[in-house]
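Q: the sequence and its predicted three-dimensional model are supplied below.
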Amino acid sequence: MSSYLLPIKAAILLFPLLAAVFTLPYILVQYRRYGALLMLRVAVVYSFILYLMCAYFLTILPLPPVGEVAQSTRPIVQLRPFQFVRDFLAGSGFVPGDVHTWLPAMKASTFYQAVFNVLLVLPFGVYLHYYFDRGFWSTSLLSFLLSLSFELIQLSALFGMYPRPYRLFDVDDLLLNTIGGVVGWVITPL
C-alpha cells in the first residue's frame, strides 16, 4: 500500500505549482466570459488537475534505480487480451462453483491489480460526464486515449530516461482502464 502513497504524496506536493500554471488562464477566461469568478468551476478544474496528476504519478512512480532497470530481462510488452483473467484463475485458487474460494481469491494480488486498473480511470469518466458533458462514446474514446498515454509513457522508458521500459506495456491495462472510464460515466447520475 505504501507504493501507492508515494505517487499521491508527490502529486499533492507538485499540485499547487501545476494548478497555478493551468488554472490561472482558465480563471481569466471564465472571468472575462461571465464577469465573475465561479468558485465551483474553479474547484472542479483544480480537482480534475489533481486527479490527473495522481493518476499519472501512480503509473510512473516509484522510479527504480537506472542500474536495476538496465540489468532487467523482464518482458516489456504483454499483448494477449484477458491475460489478467488467466493469471487470476491460475494464481488465486478461485473455483466458480465453490463459494468458499471467492473471498480468498479477492485477496489475491491479481484481483487487486485488475480492480485498481478499473478504479484508476473511473474518476475520469465522472469528470467527462458531469463537468465536460461528454457522451458515452466520447468518454470511451477519451478513457482509452488516457490509458494509452499511460502505457506509452511506460513503454518509452519514461521518455528515454531509462535504458529500457521499467514497467510492462499491458493491453489488459488499456481494457480495464477504459472500462473504468465508462463505469465512471455510467454511475455519474447516481
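A: Noted; the coordinates are in hand. Numbering: from 1, shown residues only.
Q: which residues of this structure fall in strands?
A: Secondary structure of the chain by DSSP state E: the strands cover 77-78, 169-170.
Q: closest to residue 65 out of these?
A: Closest approach to residue 65 among those is made by strand 169-170 (20.8 Å; C-beta to C-beta). For the C-beta atoms, the positions are set from N, CA and C on the backbone; glycine is no exception.
Q: direction included, what does that closest one pair up with?
A: strand 77-78 (parallel) (DSSP bridges).
Q: tell me the mean pLDDT over the strand it pairs with?
A: Confidence for strand 77-78, expressed as mean pLDDT, is 94.
Q: also stretch 109-121?
A: The pLDDT scores in stretch 109-121 average 94.
Q: alpha carbons of that stretch, as PDB, please.
A: C-alpha atoms of stretch 109-121 as PDB (Å, rounded to 0.1, in the frame of the first residue of the first chain):
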ATOM      1  CA  SER A 109      -2.800  -9.500  -5.900                       C
ATOM      2  CA  THR A 110      -4.000 -10.400  -9.400                       C
ATOM      3  CA  PHE A 111      -7.500  -9.400  -8.300                       C
ATOM      4  CA  TYR A 112      -6.400  -6.100  -6.700                       C
ATOM      5  CA  GLN A 113      -4.400  -5.200  -9.800                       C
ATOM      6  CA  ALA A 114      -7.400  -5.600 -12.100                       C
ATOM      7  CA  VAL A 115      -9.700  -3.600  -9.700                       C
ATOM      8  CA  PHE A 116      -7.200  -0.800  -9.300                       C
ATOM      9  CA  ASN A 117      -6.800  -0.500 -13.000                       C
ATOM     10  CA  VAL A 118     -10.600   0.000 -13.300                       C
ATOM     11  CA  LEU A 119     -10.600   2.500 -10.400                       C
ATOM     12  CA  LEU A 120      -7.700   4.500 -11.800                       C
ATOM     13  CA  VAL A 121      -9.800   5.900 -14.700                       C
END
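Q: for it, give me every contacting residue.
A: Residues outside stretch 109-121 that contact it (C-beta atoms under 8 Å, 6 or more residues apart in numbering): 55, 58-59, 84, 87-88, 91-92, 105, 143, 146-147, 172-173, 176-181, 183-184.
Q: show me which of the residues you listed are buried.
A: Those of the contacts of stretch 109-121 that meet the buried threshold are 55, 58-59, 84, 87-88, 92, 105, 143, 146-147, 172-173, 176-181, 183-184, by 16 or more other C-beta atoms under 10 Å.
Q: at the geometric centre of this structure, which residue sits there?
A: Nearest residue to the geometric centre of the chain (C-alpha atoms, centre = their mean): residue 120, 3.7 Å.
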